[in-house]
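**Q** Below is the sequence, then the predicted model.
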Amino acid sequence: MHVRFWGTRGSIATPGPGTLRFGGNTSCVEVTTNSGACFILDCGTGARQLGAALMARKPPLCATILLSHTHWDHIQGFPFFAPLFIPGNRIAVCGPEGSGKSLREVLSGQMEFAYFPVEIDQLPASISFKELGEGTHEFEGARVIAQYLHHPAMTLGYRIEADGAALVYLCDHEPFSETLWHDDAESARGDSIAHEGDRRHARFMDHADLVIHDAQYTPEEFPSKKNWGHSTYEYAVGMAAAAGVRQLALTHHDPFHDDAFVAEIERRARAYADGLGYEVEVRCAFEGLEVAIAPRGHRASAATSPTSNDERASPPGARILVVDDDPDIRALARRALSQDGHTVQEACSGPEALAAIAARLPDLLVLDLLMPEQGGLEVLEILRRGPATAELPVVLLTAMDDEAHTRAGFGLGATDYVTKPFSIPQLAARVRACLSRNPGPKRLE
Ligand SMILES: [Zn+2]
Ligand SMILES: [Zn+2]
């Protein structure tokens with residue numbers, strides 16, 4: 001497997017004398033397997049130069065574009081990707097479902113007449129669109145596993161397994177919890193990770209040969225950027241260490257970070273890995289960086305269920321019960337979830353929630369942790385004892401991001417644990433990921 005970086009910048013293209021070394025183009029990575037299959041991870045502005053390089057090769061081109069999500073910095077190179085203008089080329093465009101519009105509609109949107117002179121239907125290449133959910137997919141002889149990331153949009157990470165090697169692309173992603181490790185953790189190990197979401201994230205990287213990970217912020221910057229959907233180098237290194245990753249490339253560099261700043265991040269990331277006692281090649285990715293991944297008899301990942309779950313993609317219009325004593329939080333959650341096509345019912349206390357669930361079982365429960373008279377953990381405990389509600393997906397909503405509460409929530413069977421304050425797109429994405437993984441209890445109605 002051969003990897004080449006064409007865009008390493010996050011958020012917006014940042015050309016200029018300060019970014020010559022690490023590059024100013026936004027996310028785009030080319031992956032070529034030994035059998036010649038071509039994958040393109042994201043289509044940021046770096047895709048323009050990649051397109052030019054591919055045009056120099058013998059036609060026709062057959063390529064699979066895997067979009068993490070459709071924020072601008074991951075799609076703006078698409079209209080400038082020259083192979084789309086050549087008849088006979090076959091380009092498959094894949095990306096997460098559930099952003100409100102189809103993938104084709106979103107990409108067409110940025111090519112409407114007001115923004116771009118050529119509409120998507122006028123492109124001469126043969127272009128197909130495929131919306132992906134979590135699960136395993138086969139493309140051109142390679143195994144591609146997709147898993148949702150934590151970002152204020154439906155966003156997929158990809159694990160490509162081919163030629164006895166595994167590459168994992170995780171961009172854009174924010175830690176699920178600020179408390180990364182259990183208090184009694186001895187070292188950076190998978191079972192030392194406090195939040196189930198972060199543990200799943202580490203499992204997805206399991207013994208990968210190369211992980212490409214979002215590391216937009218420093219630990220000092222992160223607190224003021226929380227909920228923006230990005231990671232620090234400490235998180236990326238910690239997760240990679242827990243997963244036994246061989247090489248780590250940090251990417252999605254912040255537009256405010258010039259070359260000297262990114263080089264300092266690289267130095268600090270290496271020192272952090274050393275401090276964990278973790279032997280890994282860590283670097284900050286730059287435009288033009290090439291990595292040849294030699295096979296090491298890689299075992300297939302157990303990261304995600306081995307079958308594609310396209311067919312059980314998250315149902316639009318789930319019935320969701322939001323339980324919180326704070327009317328503002330209920331209103332925010334209602335807005336987030338009804339915008340996403342769900343039907344929302346509210347309850348302002350534990351007893352009211354249990355009565356509502358007994359009357360009609362919802363598809364998912366959003367449950368506040370701290371409420372007067374009966375807290376969320378008590379309600380969760382009661383639900384898990386009942387046969388009808390033992391499997392009901394429950395998203396705990398809490399301001400308590402400490403290790404003890406996180407551990408208690410998951411210990412009692414919470415499906416996810418979301419920290420306040422949260423943003424509308426963030427809650428919508430978390431609930432949608434939960435619904436796609438947990439189809440919910442069977443209703444007898
Ligand atoms: Zn981005
Ligand atoms: Zn994004």
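**A** Thanks, I have the structure now. Ligands and ions are numbered 1, 2, ... in the order given.

**Q** Could you list the low-confidence segments of this protein?
**A** Counting by pLDDT under 70, the chain contains low-confidence ranges at 98-99, 297-316, 440-445.

**Q** Could you list the residues of it in contact with ligand 2?
**A** Counting by Cβ under 5 Å from the ion, the positions of the chain adjacent to ligand 2 are 71, 172. All C-beta atoms are positioned from the backbone trio N, CA, C, and that covers glycine.

**Q** Next, count neighbours for the residue in the stretch 1-150 of the chain that ligand 1 sits nearest to.
**A** Here the residue of the stretch 1-150 of the chain nearest ligand 1 is Asp73; by Cβ to the ion that distance is 4.3 Å. The number of residues packed near Asp73 is 26, by other Cβ atoms under 10 Å.

**Q** Show me what residue of this structure gets nearest to ligand 2.
**A** Going by Cβ to the ion, ligand 2 is nearest to His71 of the chain, at 3.5 Å.

**Q** From what I see, that residue and Ala153 are in contact.
**A** Yes: between His71 and Ala153 a contact is recorded at 6.1 Å, counting by Cβ atoms under 8 Å.

**Q** picking up where we left off before, can you give me the neighbour number for the residue of the chain closest to ligand 2?
**A** Here the count is done by other Cβ under 10 Å, and His71 has 22 residues near it.

**Q** so what's it up against?
**A** With contacts taken as Cβ atoms under 8 Å, 6 or more residues apart in numbering, His71 has the following neighbours: 153, 172.

**Q** what about 7 Å?
**A** Ala153 (Cβ atoms under 7 Å, 6 or more residues apart in numbering).

**Q** tell me, how many neighbours does Gly16 end up with?
**A** When counting by other Cβ under 10 Å, one arrives at 9 neighbours for Gly16.

**Q** The nearest residue to it once chain neighbours are set aside in helix, strand or coil?
**A** The shortest distance from Gly16 to any non-neighbouring residue, by Cβ to Cβ, 6 or more residues apart in numbering, is to Gly24 (6.6 Å). Secondary structure assignment for Gly24 (DSSP: H, G, I helix; E, B strand; the rest coil): coil.

**Q** And Gly24, how far from Ile265?
**A** For Gly24, the distance to Ile265 equals 16 Å [Cβ to Cβ, to the nearest Å].

**Q** State whether Leu365 and Leu392 are indeed in contact, as I suppose.
**A** Yes: using Cβ atoms under 7 Å, Leu365 makes contact with Leu392 at a distance of 6.0 Å.

**Q** Show me which of those two is the more surrounded one.
**A** Relative neighbour count places Leu365 above the other of Leu365 and Leu392, with 26 against 22, counting by other Cβ under 10 Å.
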